[in-house]
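Trainee: sequence and predicted model, in that order:
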Amino acid sequence: MLDAGRDLALEAGAALTIEHLRLEEVIQRARVPRSSAYRLWPYKEDYTDDLLCYLAGAGSWFSDRALLSPETSAVISQLITDNQQLVATADGRRALLREVVRVTAERNYLALSGSPQWRLHMALVATLGSTRTGATRRKIAAALEDAQSRSREVMVTMFAVVATELGLRLRDPALTVEHLQLAGGLFVQSLALRNVQVQTALGEEEANARGADDGQDAGAGQDAVRHVDRLLNATVPGPGLHGGTAPWSLAALGYLGMVDAFVELDPGFVPPAAPQP
């Protein structure tokens, strides 16, 4: 029943419609006996509360994955392996760190922007204050934080691997990798959320433009939306590997600035010996 409710919510495209789910519709989707469903949830509001808690916790987008896209860890490992010679110098390590940030931040931003599951999760966060009862709000908030904490732990572990490979250290002992991952994760999520808004507006404006021949207004805010779209998604040339340039997105540039605020190259780092031929 909870999985069926989640599927219907995702198909509807917005968490706000959860309150309007019909229990009979969920029962039909789940293919369970009506008597069993009503024995568990005599009232629809009881089911809605449990569904919201499920979406925030065990059924959350964050419950079984890191914030980063699933392939990111493999991409990072391959990037470092393919450019192992750069680890021998401070400039090479710096270039490799920039490239790791550029690739991973961009992948994460795009993965979040295109994920209906993540949008549902964010809608739960945004509408938390309007949930029916205080007890349910507390349960949902606790479930949301638990799911996000598990995701953050995976990211911290991943960063520790990169720090070991490239010889990184925190600039301030009072700060931790968890500080960096929490701040960085929220930064990329905020840009992805804005991108969802912009892409939705662009889609609606294209529909309006198609009706402009009938005398309809194509949208007074069209230029403004397209301007923000360019800011978010048009790349700019930036530093690449081996002295070249690479395309940098706003998400990647911003995340690099955050990494630089927290992390520096460890001057005492001894690179691993190069493998003998």
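Mentor: Now that the structure is in, tell me what you want to look at.
Trainee: may I see the buried residues of the helix or strand hosting Thr157?
Mentor: Element membership for Thr157, per DSSP states H and E: helix 134-166. For helix 134-166, the neighbour count (16 or more other Cβ atoms under 10 Å) marks 136-137, 139-141, 143-144, 147-148, 151-152, 154-156, 158-159, 162-163, 165-166 as buried. Using the backbone N, CA and C atoms, a C-beta is placed for each residue, glycine as well.
Trainee: list the contacts for the closest residue to Ala141 other than its chain neighbours?
Mentor: Setting aside the residues directly before and after it, Ala141 is nearest to Leu128 in space (Cβ to Cβ, 6 or more residues apart in numbering), at 6.1 Å. Contacts for Leu128 (Cβ atoms under 8 Å, 6 or more residues apart in numbering) come out as 137, 140-141, 144.
Trainee: now the strands for the chain?
Mentor: 168-170, 236-239, 245-248, 263-265 (DSSP state E).
Trainee: which helices and strands does the third one pack with?
Mentor: In terms of contact count using 3 or more Cβ pairs under 8 Å, 6 or more residues apart in numbering; DSSP states H and E, strand 245-248 is assigned the packing partners helix 90-113, strand 236-239.
Trainee: contact partners of that strand?
Mentor: Everything outside strand 245-248 that qualifies as a contact, by Cβ under 8 Å, 6+ apart, is 99, 102, 235-240.
Trainee: pass me the low-pLDDT residue ranges in the protein, would you?
Mentor: Along the chain, segments meeting pLDDT under 70 span 13-19, 61-70, 129-133, 204-221, 273-277.
Trainee: mind listing the helices for it?
Mentor: 2-12, 23-30, 34-40, 44-56, 72-82, 90-113, 116-126, 134-166, 177-210, 222-233, 250-262 (DSSP state H).
Trainee: could you check the angle helix 2-12 makes with the second one?
Mentor: Translated: helix 23-30. 100 degrees (axes from the mean of the first three to the mean of the last three Cα atoms, to 10 degrees).
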